[in-house]
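J.: Give me coordinates for this.
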Amino acid sequence: MVDDKVTSLIVIQPTPFCNIDCTYCYLPRRDDRAKLGLEDIRRIFERLTTFPTLPDRVTVVWHAGEPLVLGPAYYDAAFACIRAVSKSITFEHAFQTNAMLIDDRWCDLFQRWNVGLGVSIDGPRHIHDAARKTRDGRGTFDQAIAGVKCLQRRNIPFTIISVLTKAAVLDPDGMFEFYRSLDIRDVGFNIDEQEGIHKASSLGDAASETALTRFFARFGELMTLHQFPIAVRELEETLAAIRVLDPHGPMNSQVTPFGIITIGVDGDVFTFSPELVGYSATEFPTFAIGNVLRQSFEELSASPVLARLTEHVREGVDLCRSQCAYFRLCGGGAPSNKLFENGTFASTETLYCRLTKKRVADFALATIEANAGRDKPEGTG
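T.: A predicted model of the protein is given here:
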């Protein structure tokens, strides 16, 4: 039985192909130039409108490769097609992009369709270019910055996602100054994860936990010193969870069947973590629960793969609930990280949760306590 209206996000893979070759990339098919055809897009969204898990308004992120390689005309046609079949559901479109292809034609499309944008850029040139390279090994900083400045010139809002490698964690001043120099006020930090074909993280050593805590502390000091506030996604999410402290944990779409729906370039359907697309494991020759071009929601929800996945993911959540003091701030972790780091969904702690959840929570709680101490009236205990 699938809970009603649980879908918080739809991820569409219009192509697996990416025009760059990041050292930490987890995508297994980024050389594949397959493309989702317009007729398939129409059929996919006709089917999605029948899913009882979708609310009246839902975000669709075009991702899992570099989506902009397909050109603005492709998305003009795709978005018009989706609007024509969407009936009572409003699909709000967004891209996660490396920004290298952004120009005025793209900006016209973003504004025409009110598209949300997340831009992947890792900080100052020496940090960004160390990981985000072209196929022949050249840095991509200049092209990414040109895209960012084009967005700013056209007054198009965007958020930044930066991957925190060891070099970034050890240079909070350089990272902060990079954002300040570009007047960037909204940042998400993805840690350098052990995931998929990326087998080792630069943050895998024990010293990285202390270094990450120092990074956030210094980053906060710099925001105060320069009176330049930046909304940091990880801190904002942690503070929101602290305010509620639900004993069942926060809503975690990654452990909820159909909480996140990911559709591959061939129409295969995935749920839980989007990073499972294209991978397999001993018990799962595929993590696809079916194909949206051929199967109804009822058939997908009755999938034996979904049943086994749900059992394993819930076992992992139960282990987190019983063993982890941070469960109420996390809600059970990310299944893909558990699989790729521990070899099974039915497991608990990962590098991802230690750095992104536990150490961030420690920092947030320590900051709250320190501020409460400073605000306490003199003479009170």
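J.: So which residues of the stretch 1-150 of the chain form strands?
T.: 9-12, 57-62, 90-97, 116-120 (DSSP state E, counting those that start in this stretch).
J.: Out of these, which gets nearest to Gly264?
T.: Of all the strands of the stretch 1-150 of the chain, strand 9-12 sits nearest to Gly264, with 8.8 Å by CB to CB. Glycine gets a C-beta too; all of them are placed from N, C-alpha and C.
J.: which neighbours does that closest one have in its sheet, and in what orientation?
T.: strand 57-62 (parallel), strand 260-263 (parallel) (DSSP bridges).
J.: Show me the one of the ones you listed that comes nearest Lys35.
T.: Using CB to CB, the strands paired with strand 9-12 put strand 57-62 closest to Lys35, at 12.1 Å.
J.: in the closest one, what's buried?
T.: For strand 57-62, burial by neighbour count (16 or more other CB atoms under 10 Å) applies to Val58, Val60, Val61, Trp62.
J.: Need the residues that contact that strand.
T.: Strand 57-62 is contacted from outside by 7-12, 14, 75, 82, 89-96, 116, 118, using CB atoms under 8 Å, 6 or more residues apart in numbering.
J.: list the contacts for Ile41?
T.: The contact partners of Ile41, by CB under 8 Å, 6+ apart, come to Ala78, Cys81, Ile82.
J.: Out of those residues, which sit inside helices?
T.: Counting by DSSP state H, the part of the contacts of Ile41 found in helices is Ala78, Cys81, Ile82.
J.: Pick the one among these closest to Ala206.
T.: Closest to Ala206, out of all of the ones in helices among the contacts of Ile41 and judged by CB to CB, is Ala78, at 46.6 Å.
J.: pLDDT score assigned to the closest residue in space to that closest one that isn't next to it in sequence?
T.: Among residues not flanking Ala78 along the chain, Ile41 sits closest, at 5.1 Å (CB to CB, 6 or more residues apart in numbering). If you check Ile41, the pLDDT there is 98.
J.: again with Thr282
T.: For Thr282, the model assigns a pLDDT of 88.
J.: Then Pro377?
T.: With respect to pLDDT, Pro377 has a value of 50.
J.: Repeat that for the one 4 residues further on.
T.: For Gly381, the pLDDT comes out at 40.
J.: Please apply the same query to Leu329.
T.: Here, the pLDDT recorded for Leu329 equals 88.
J.: Run a quick neighbour tally on it.
T.: Counted with other CB atoms under 10 Å, the neighbours of Leu329 add up to 24.
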